[in-house]
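A.B. asks: Pasting the sequence and the predicted model now:
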Amino acid sequence: MVAISGSNTTGANGPLAGVRVVEFAGIGPGPFACMMLADMGAEVVTLDRVGVPRNLKGVASRGRKWVHVDLKNEKSRDEIIALLSMADVLIEGFRPGVMERVGLGPDVILGRNPRLVYGRMTGWGQHGPLANAAGHDINYISITGALAAIGPRERPIPPLNLVGDFGGGALYLVVGVLAAVIEAKKSGKGQVVDAAMCDGAASLMTMFFDMKATGNWVEGREKNMLDGGAHFYGVFECACGNFISIGSIEPQFYAILRQQAALHDAEFDAQMDPRAWPKLKQKLAAVFKSKTREEWCKVMEGSDVCFAPVLTMTEASRHEHMVSREVFLTRHGVLQPAPAPRFSRTPSMAREPEELSLAEILGSWKGER
């Protein structure tokens, strides 16, 4: 685990160094997307409302240049438009129509800067019957088929807010924005990127729609290979009360599981027979309950069983593999994931944020022309 001091440089040499991003402060996927862009070297200027306190030591705040503005003030709005005329990317996460009402909609901004990529992050998208309704991750993944497929047989369980906010939201926003930036370099023309969490979450379900179409997926939880139905792909409790996970799908990996867990019962030959799964799952649960998590790690970790202990966030930061790869870092005493993915020549960096005035940013950008 790497320790990053409060004096860490704000310089950038990542793959996005030189890309200018203006972010309108929000919550959830927009800030996470901008953190990723900042980690990869983009110069991200975050425009926040006057009077709103911000924790600049927060994980998602890293790498930004924070500026407080009053969107209702005409002079401030003119300065924001001037800033956007020199930017490569704008990112906002308001409900549809909000940016238009304050005079900063795509028609106005692209009229001043035709090559700008205008990234819009919402839950329901820019149009549709639900476009202006309030919602959260759990709602966006509910209408995509994702939530109905996750959890025990009795009821769906939300997978934190990973599928909608961050998987289907922030990551699709980053991909869309970067694709549009690449295209704008060729055409000289920007465009609007409509990144909706319901769209992205539905896209993440592609493989399962494919499996359903080919008869390899049954609607209903704990009935399928990847939803906890199969005995060879799931989470099991150990004697100590902790858990381990296995994913022994391929026949050769399943054979190693049987060998290392001493599953000599001939009933385990029926690996791919869904009718046998409930009984085999009970038998395997009893086997895993016979040893502690630590004992099973000594037997299986690093083997081709496809095995891992189920760790808490604190435990994850101390695991030897994660430590070896420096997956986590500490900033201002706060444990947090390090930037990802990794680049061999232009590494990402968790840089410190700065508080600046809009005039300072404008002067800097004009001076770089």
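C.D. replies: Nice, I can see it.

A.B. asks: Make sure A285 is indeed in a helix.
C.D. replies: Yes. Membership of A285 in a helix is supported by DSSP: H, G, I helix; E, B strand; the rest coil.

A.B. asks: Test my guess that it contacts F236.
C.D. replies: Yes. In this structure, A285 is within contact of F236 by CB atoms under 8 Å, at 5.6 Å. (Glycine included, C-beta is placed from N, CA and C.)

A.B. asks: These two: which is more packed in?
C.D. replies: Counted by other CB atoms under 10 Å, A285 and F236 do not tie: F236 has more neighbours, with 19 against 14.

A.B. asks: And for the helix or strand hosting that one, what's in contact with it?
C.D. replies: Assessed by DSSP states H and E, F236 sits inside strand 233-237. Residues from elsewhere that reach strand 233-237, judged by CB atoms under 8 Å, 6 or more residues apart in numbering: 225-226, 228, 243-249, 281, 284-285, 288-289, 310.

A.B. asks: what helices or strands is the helix or strand that that strand is followed by leaning on?
C.D. replies: Sequence order places strand 243-247 as the next helix or strand after strand 233-237, per DSSP H and E. Strand 243-247 sits against strand 233-237, helix 293-300, strand 307-310, with contacts defined as 3 or more CB pairs under 8 Å, 6 or more residues apart in numbering; DSSP states H and E.

A.B. asks: Dihedrals phi and psi, the residue lying closest to L280 once chain neighbours are set aside?
C.D. replies: Nearest non-adjacent residue to L280, counting by CB to CB, 6 or more residues apart in numbering: H231, 4.0 Å away. Here is the backbone geometry of H231 (degrees, to the nearest 10): phi -70, psi -20.

A.B. asks: neighbours around H231, how many?
C.D. replies: Other residues lying near H231 total 25 when counted by other CB under 10 Å.

A.B. asks: same thing with M349?
C.D. replies: For M349, using other CB under 10 Å, the count is 22.

A.B. asks: That one contacts G14, correct?
C.D. replies: Yes. Using CB under 8 Å, M349 is in contact with G14, at 6.4 Å.

A.B. asks: Find residues that contact each of these two.
C.D. replies: Common contacts of M349 and G14 (CB under 8 Å, 6+ apart): 39, 41.

A.B. asks: how close does the residue nearest in space to the middle of the chain get to G41?
C.D. replies: Using CA atoms, centre = their mean, the residue of the chain that lies closest to the mean C-alpha position is F166, 3.5 Å off. Applying CB to CB, to the nearest Å, the value for F166 to G41 is 21 Å.
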